[in-house]
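Q: Pasting the sequence and the predicted model now:
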Amino acid sequence: MQRVAVVRFPGSNRDLDAVLAAERVGSEAYYVWHRETDLQQADVVILPGGFSYGDYLRSGAIARFSPVMGAIQRHAADGGAVIGICNGFQILCEAGLLPGALVRNARLSFVAKPVDLRIERTSTVFTNAFSKGAKVRVPVAHGDGRFVADAATLDRIEAEDCVLVRYLPAGTGIEPNPNGSDRDIGGVCNPAGNVVGLMPHPENAVDALQDSQTGRGFFDSMAAWQPLVARG
Amino acid sequence: MSFRIHVRVMPRVGLLDPQGQAVEHALGALGFSGAGAVRVGRAIELTVSAASRDEAEARARQMCDRLLANPVTEDYSVEIED
């Protein structure tokens, strides 16, 4: 059984959703407060959505210096799984664990709606249950979700197969790129595939009462993933 | 000694600045014709204790590199009050 640590920062708000989604696939999920430095032998660390530190200065800029982040850096370096969703993705970029940055949506407004994604890479902790090119519908809820990087970095991300998911181009029945992200990138990973960042919220697309259940595949992937190293 | 530092953080040139665009459109709507290339950034003021002006500036730049500016998307400038 996977041990899944869901990190809570002041201002996290999708922490319970992450715990419930992890429990749904049989994981043992628990909270870790951001001031703690012990991940309690986690296999997977989830940085959930929300507005850590009120998004002061920049989204994720303050949270990345929380005491727990040192333990997460070591966990990732040892091959442990780390998943940042929405604000968690912003924190991972600010921390330098993932490339690029997430800035104000191109049309400024906060967007909260379903979007359609294409799975670009399947050899990661969070996407191994999908087939490459699979289409999933998952909601977004963000004001600072536009993924940007300079052209050389974008080229490197693509060359190293580090695009996790892309928003689909606009078309009939398709909810497209909601924020103006460079190259329609909705999520990225590190080259090893154990550190993943995703702007949409798969934890909010897992239940029959929700708009879609295709977010479940991200958590099925997590449950199927075999840790490469002993728990630290 | 204590130095008063003014940090100016701006979105990198070439990066889409939707806030600047929105302000530019609003200025046009208000009849301020001829206002263009509007960009919106952030100003941060702080006091730094240091032995010299050079040391104060160096410390302020370290603060910018680590926290005050995002090296992926922003550029900054540092000024010290006389």
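A: Received the coordinates, thanks.

Q: Please work out how many residues are found near residue 72.
A: With no chain named, the answer covers chain A. Close neighbours of A:I72, defined as other C-beta atoms under 10 Å in any protein chain shown, add up to 27. For every residue, glycine as well, the C-beta is placed using N, CA and C.

Q: my bad, the chain I had in mind was chain B
A: Neighbourhood size, B:V72 [other C-beta under 10 Å]: 19.

Q: what does A:L168 give?
A: By the other C-beta under 10 Å criterion, the neighbourhood of A:L168 contains 18 residues.

Q: I'd guessed it sits against A:I174; true?
A: Yes. Counting by C-beta atoms under 8 Å, A:L168 does reach A:I174; the two are 5.0 Å apart.

Q: Show me whatever sits in contact with both of these two.
A: A:D116 (C-beta atoms under 8 Å, 6 or more residues apart in numbering or on different chains).

Q: Quickly run through the sheet partners of the strand ranked longest in chain B, with directions.
A: Secondary structure of chain B per DSSP state E: the longest strand is strand B:2-11. If you go by DSSP bridges, strand B:2-11 pairs up with strand B:42-49 (antiparallel), strand B:74-80 (antiparallel).

Q: Quick check: beta-bridge partners of the residue in chain A positioned nearest to chain B?
A: Closest contact between chain A and chain B, by C-beta to the nearest C-beta, is at A:A101 (4.0 Å). The residues listed as beta-bridge partners of A:A101 by DSSP bridges are A:V148.

Q: same question, A:Y31
A: A:V6.

Q: close enough to count as contact, it and A:L16?
A: No. If you go by C-beta under 8 Å, A:Y31 and A:L16 don't touch, sitting 9.0 Å apart.

Q: before we move on, back to that, could you check the helix or strand that the longest strand of chain B is followed by and say which residues are buried?
A: As assigned by DSSP states H and E, the chain's next helix or strand after strand B:2-11 is helix B:18-29. Across helix B:18-29, burial judged by 16 or more other C-beta atoms under 10 Å in any protein chain shown covers B:18, B:20-21, B:24.

Q: pLDDT on helix B:18-29, on average?
A: Averaged across helix B:18-29, pLDDT comes to 95.

Q: Can I get that helix in CSV? Just the C-alpha atoms.
A: C-alpha atoms of helix B:18-29 as CSV (Å, rounded to 0.1, in the frame of the first residue of the first chain):
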residue,chain,number,x,y,z
PRO,B,18,-1.9,40.9,-19.9
GLN,B,19,-2.1,43.4,-17.0
GLY,B,20,-0.2,46.0,-19.0
GLN,B,21,-2.4,45.4,-22.0
ALA,B,22,-5.6,45.8,-19.9
VAL,B,23,-4.3,49.0,-18.4
GLU,B,24,-3.4,50.3,-21.8
HIS,B,25,-6.9,49.6,-23.1
ALA,B,26,-8.4,51.3,-20.1
LEU,B,27,-6.3,54.4,-20.7
GLY,B,28,-7.4,54.5,-24.3
ALA,B,29,-11.0,54.1,-23.2
